[in-house]
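Participant: Whatever this is, show me its structure:
(chains A, B, C and D)
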There are 4 protein chains.
Amino acid sequence: MTRVAVLGAGGYAGGEVLRLLLAHPAVEVVQATSEQHAGKRLDFPHPHLRGLATPRFSPHDALEPCDVLLSCMPSGELIRRWPQVSARAGRIIDLSADFRLESTEHARWYPRAPRPLDMPEFVYGLPEWTGARLKDARFVAVPGCMAHAALLALLPLVRAGLVRPEVVVDAKTGSSGGGATPDRSSHHPERASALRCYRAVGHRHTGEIEGATERLAGVRPVVHFSATAVPSVRGVLATVHAFAARKLEDASEPLRALASTYREHPFVHVLRANASASPFPEPAPLAGTNHCDLAVEVDAERGRIVVNAALDNLVKGAAGTAVHALNLMLGRPETEGLGFRGLHPL
Amino acid sequence: MTRVAVLGAGGYAGGEVLRLLLAHPAVEVVQATSEQHAGKRLDFPHPHLRGLATPRFSPHDALEPCDVLLSCMPSGELIRRWPQVSARAGRIIDLSADFRLESTEHARWYPRAPRPLDMPEFVYGLPEWTGARLKDARFVAVPGCMAHAALLALLPLVRAGLVRPEVVVDAKTGSSGGGATPDRSSHHPERASALRCYRAVGHRHTGEIEGATERLAGVRPVVHFSATAVPSVRGVLATVHAFAARKLEDASEPLRALASTYREHPFVHVLRANASASPFPEPAPLAGTNHCDLAVEVDAERGRIVVNAALDNLVKGAAGTAVHALNLMLGRPETEGLGFRGLHPL
Amino acid sequence: MTRVAVLGAGGYAGGEVLRLLLAHPAVEVVQATSEQHAGKRLDFPHPHLRGLATPRFSPHDALEPCDVLLSCMPSGELIRRWPQVSARAGRIIDLSADFRLESTEHARWYPRAPRPLDMPEFVYGLPEWTGARLKDARFVAVPGCMAHAALLALLPLVRAGLVRPEVVVDAKTGSSGGGATPDRSSHHPERASALRCYRAVGHRHTGEIEGATERLAGVRPVVHFSATAVPSVRGVLATVHAFAARKLEDASEPLRALASTYREHPFVHVLRANASASPFPEPAPLAGTNHCDLAVEVDAERGRIVVNAALDNLVKGAAGTAVHALNLMLGRPETEGLGFRGLHPL
Amino acid sequence: MTRVAVLGAGGYAGGEVLRLLLAHPAVEVVQATSEQHAGKRLDFPHPHLRGLATPRFSPHDALEPCDVLLSCMPSGELIRRWPQVSARAGRIIDLSADFRLESTEHARWYPRAPRPLDMPEFVYGLPEWTGARLKDARFVAVPGCMAHAALLALLPLVRAGLVRPEVVVDAKTGSSGGGATPDRSSHHPERASALRCYRAVGHRHTGEIEGATERLAGVRPVVHFSATAVPSVRGVLATVHAFAARKLEDASEPLRALASTYREHPFVHVLRANASASPFPEPAPLAGTNHCDLAVEVDAERGRIVVNAALDNLVKGAAGTAVHALNLMLGRPETEGLGFRGLHPL
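Facilitator: Purely as a prediction, here's the structure:
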């Protein structure tokens, strides 16, 4: 059994990490930390863990040595605690934004929490694209949830040379991505009916998508990214509006690029018209799963390729990808502990 | 592997039965029928089954012999098709209302679909209370979802002699209990904001609760049942307002009655104040699970005992209990195939 | 023009009071106070007031003399500030719980904010029942929203001698009643799917309903009150389960009691079966209005009378009733400034 | 009093037209037709009209002469019934898509319901842009709701020469735009959690926006339009991603173009940062109003201008604009009957 600790386990991503790891056959959760909930049972903030035999939360400083550490602390915290944390963990998977970008890019998008130069680079944990490198990785950074969805949609098209390197990504997101700390904009009466483009420009996933596309598909695009809050709790839908590099008659070429990319990958599905009563990617039936649904359509006359990508921001967009990466790092079956198929209707 | 067929598998309960059985280690789904979807893949109406290797839907009349049959057809249909269906299945678990009540009671509450007298009685499939009889049962009737929640709350109090035999059950329910067929009252613009006591009196679960309480706890109560539609898809919350048979100082006696009843039962939890950031039974974190959460409070001055019971109407209230009963019938571990713990937040 | 000040106008009830008064033809809003928003425009926290020419928020202590003061401060605040506030206002309408109960009862239900004995009694502002006294009232207390709904349903039955003096009130409520201050239980991811009986016993509206029924219908009932949070923002549905004092054949007598009580009252409607595609009281189409919908059904066999009452907790349950009372106090037409009919669908 | 008839008044836009007209001081509703509800009271399908003295629904064929007719029939119906309808009405305002496009364009986007060549052209009813022509118009076509929002955002930028003539419009919409007829995709369990790009390409508002921009701002753009269903009932948010025609340092120029365009127009507001606790255009506080909120942001580095436009699809996007046009046609004050300011929170 691999001994895993979860740092910052009192929030929503932490709760999902715990749900997945507590049911994982190859893992023992040896410690879970939370400043706010130290001393309490894991099911105090996480009702879905009710009835499980588990340890109690420790404070961060009580962290003991472990084989693998998953950090769910807010951005900036792992950088700040790096010496202590890295001394106790053989391998680290970070779910924050601290190590998603290369150093120079990071300082630009996260100027308040720059990375000291002596910190290691993390492998970008997008398993369908960096899986080979994850096997031997010591440090892994889980992508941002909206960047993750956008990249799964965009990368195959860029790599296939089908699109011009300038895209609009219009991402829609539920409230859970904002975390477990209440504030005015997440107060239920203010948020319940929200349909609010809360970050029209300047969102930090812009830099993440641009950088990762350059590294993984060889072309640095200009990404026009906006994020809109919608009236739901879980789920991201990223609508990628791309423009054909050459004349297309229909969606067959982009569809082929997507389908061939993900054919061997168990967590990404490319939906086809008429195969389902609802052939559109939607987060709802993916809630709790590590799956991403994609679909592509083409406006041949105007030269636009639209790829929609749906996923659960807390699972495929966070905790599930962390476990997926962990499986690869440990040489376990890719889908171990990630078998849940979702619910419908929900 | 037990060969199981699912009759009427195109609806919501059917979809959840398929989800559970397709992942069940001791079961092979040999057939799934649907008139509407005959010939289509199982994931056509059920997006959460996407990517699974499965059979296609057959029409009902193509039913072939099987070890156990689960019927998810609407009420009245299994009665109507009884000769053909019962000839093909060694054992039958019915999720409709056709066999929940005793014959005389049934005709009164379901006058349009009375049971011929030569039909067998079904064992009432409330595993925490009828588990011993389920092991040998040939025919099992899964309780109605709101009756199920109310009975789990009420039976321990009645059996312990703590309450007078007249109770108010105010049940709140999401829209999925109404099934997959669109109509005006379930049209999204009409239903999305609904807070509507759609059945203040005369609901058929009245008779089911009265009858089952008499059979299982030895006292026939008068049940005052009302059902209110709330703005959600999944989930039932049954608020049972009972009245103390004698003076109580606090909730300790009723709490003891509930706790001792369910101590050995893995799917029923009795919540206690202060043990959780949210110590109230709620359906949301139970979505997809076979669990029921209970909590009790007492107004000592006015002599009222309130028990709230939450469950997922499609799982603990339908498909999950069917699989739970199947496990008991097959001598399998009670929780097999029912390990999902739920999601939070949702 | 009557010069009106609104104390504590930065919250949700305050926002609705402002919306109604700013469009009221006989009223001038001379001042609106808010500690949190002092110095800001009224539309800073209240987006629906956008584009109106209005004053800015003052701090509470800057209150100047006015003809009528409406206080929307939290419970306890008006008691605490009574000397200063009462010196500046000829007449006061209070939307908090400070003056809803008689003194002795108040101290029992609100022990943290008892009323000094030298404070005046307020007239209970339930216009359909206390309208005659409101005309000359100097001080008016607006009822609690759930108590308001329950009383409109219950009082006619008690007065007509139709029911026994022991009732169950199962109230369902949206999140806006909890106010504008964020906390964990109102954090969107925690509240969005909530179906949670958050106050099964001991709710303070219990005492309000018992006391007001005694004063207004002459009989002190035992009220068994529970409150359940449902996934919506606005609206209350109170389900009153009452028990017939004598054998009833059908709903005609209770219906007559309700209909005759409210025949002349423009804001209370008694719904009848078959008169509408949706003949059930629901808060959604009443959002923003000062209306309450009632319907009654009877289980003749079990002797139960169920009255459902729906209203908008922020309008009929708060701001609208305050304006209704103001109209009566000023001798204006009862419906002035309260003409909005609601939206459907919503 | 102008005698107005409403054709096809049983649906959602019809219900809102009736709500507005029944409270309009210069209008008498002389007839309302509905095939489905003929003979029933207006409040049978429209609960928010409860308690009003109104006529009953007539069948379409019973239409009698009137001064102005508002048609809310589905697209294709007014074309089909043109000879009979036009013979009875002096002036016609159509809320369907039948007359929004010029003839040649119409046939291309609506090939199933082409317009015979002898039908008159309708004035496009976008009051802030075509108000002068509406005064004398005999026939007016109300814009599509998503096109309406997009045009209010886009036209000032195009006219000011600030943007290149190729834009992405990513529109988000509630369920009420789909009308009152139930089907699978609008069945509550399927629609309640939907976040679904149901029309990624080929949406007919594409042609409407392209054509109207050419006519009203002098440049024909390429419009890349997608529509996404979000979990709400009312409201449209159109996110217009445009690209600066020249280098911009910040949002001041586009902001000036928007602000100067709408300064004199009472129903369009341009939001500014820091002026509100929530400075983003959102449909929720606009529900029931005839208002549109706009805000603009600029990514100077990447040359993108984002304008978000929010409105209520049934009011500003349908019934309210019809009444606005009616006011202009009748020489009445522009805001008459359209004074409702919206609700918050909702």
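Participant: what's the closest non-adjacent residue to A:R138?
Facilitator: Spatially, and ignoring its direct neighbours in sequence, A:R138 is nearest to A:R91 (5.2 Å; CB to CB, 6 or more residues apart in numbering or on different chains). Backbone N, C-alpha and C define where each C-beta goes, glycine included.
Participant: got the contact list for that neighbour?
Facilitator: By CB atoms under 8 Å, 6 or more residues apart in numbering or on different chains, the residues touching A:R91 are A:67-69, A:137-140, A:329.
Participant: so it, which of the three states?
Facilitator: Using DSSP: H, G, I helix; E, B strand; the rest coil, the secondary structure recorded for A:R91 is strand.
Participant: ok, it to chain C distance?
Facilitator: Applying CB to the nearest CB, to the nearest Å, the value for A:R91 to chain C is 30 Å.
Participant: Could you do A:A153 as well?
Facilitator: From A:A153 over to chain C (counting by CB to the nearest CB), the distance is 26 Å.
Participant: hang on, isn't that residue packed against A:L237?
Facilitator: No. The criterion here is CB atoms under 8 Å, and A:A153 misses it with A:L237 at 10.5 Å.
Participant: tell me, what's touching those two both at once?
Facilitator: In contact with both A:A153 and A:L237: A:308-309, using CB under 8 Å, 6+ apart.
Participant: give me the number of residues near the nearest residue to A:E334 once chain neighbours are set aside?
Facilitator: Closest residue to A:E334 apart from its sequence neighbours, by CB to CB, 6+ apart: A:N327 at 5.6 Å. Residues lying near A:N327 (other CB atoms under 10 Å in any protein chain shown) number 21.
Participant: now swap in A:D61 and tell me
Facilitator: A:D61: 10 neighbours (other CB under 10 Å).
Participant: State the distance from it to chain B.
Facilitator: With CB to the nearest CB as the criterion, A:D61 and chain B are 23 Å apart.
Participant: which SS state does that residue fall under?
Facilitator: helix.
Participant: which SSE is the nearest residue to it once chain neighbours are set aside in?
Facilitator: Computed as CB to CB, 6+ apart, the closest residue to A:D61 that is not its neighbour in sequence is A:Q84, at 7.7 Å. A:Q84 is part of helix A:82-88 when elements are defined by DSSP states H and E.
Participant: What helices and strands are in contact with that helix?
Facilitator: strand A:66-71 (3 or more CB pairs under 8 Å, 6 or more residues apart in numbering or on different chains; DSSP states H and E).
Participant: residues in chain A within reach of chain B, list them.
Facilitator: A:12, A:15-16, A:19, A:23, A:41, A:43-52, A:176, A:233-234, A:266, A:269, A:275-278, A:282, A:285, A:287-288, A:291, A:293, A:339-346 (CB under 8 Å from any CB of the partner chain).
Participant: where do the helices sit along the stretch 151-300 of chain A?
Facilitator: In the stretch 151-300 of chain A, the helices defined using DSSP state H, counting those that start in this stretch lie at A:188-191, A:205-217, A:252-262.
Participant: Now the element after the least confident helix or strand in chain A by mean pLDDT, going C-ward?
Facilitator: Here the helix or strand of chain A ranked lowest by mean pLDDT, DSSP states H and E is helix A:103-109, holding a mean of 93. As assigned by DSSP H and E, the chain's next helix or strand after helix A:103-109 is strand A:123-124.
Participant: Which other helices and strands does that following strand contact?
Facilitator: Short answer (3+ CB pairs under 8 Å, 6+ apart): strand A:123-124 packs on helix A:127-134, strand A:139-141, helix A:205-217.
Participant: Any idea which of the ones you listed gets closest to D:L78?
Facilitator: Proximity to D:L78 (CB to CB) singles out helix A:205-217 among the helices and strands packed on strand A:123-124, at 46.0 Å.
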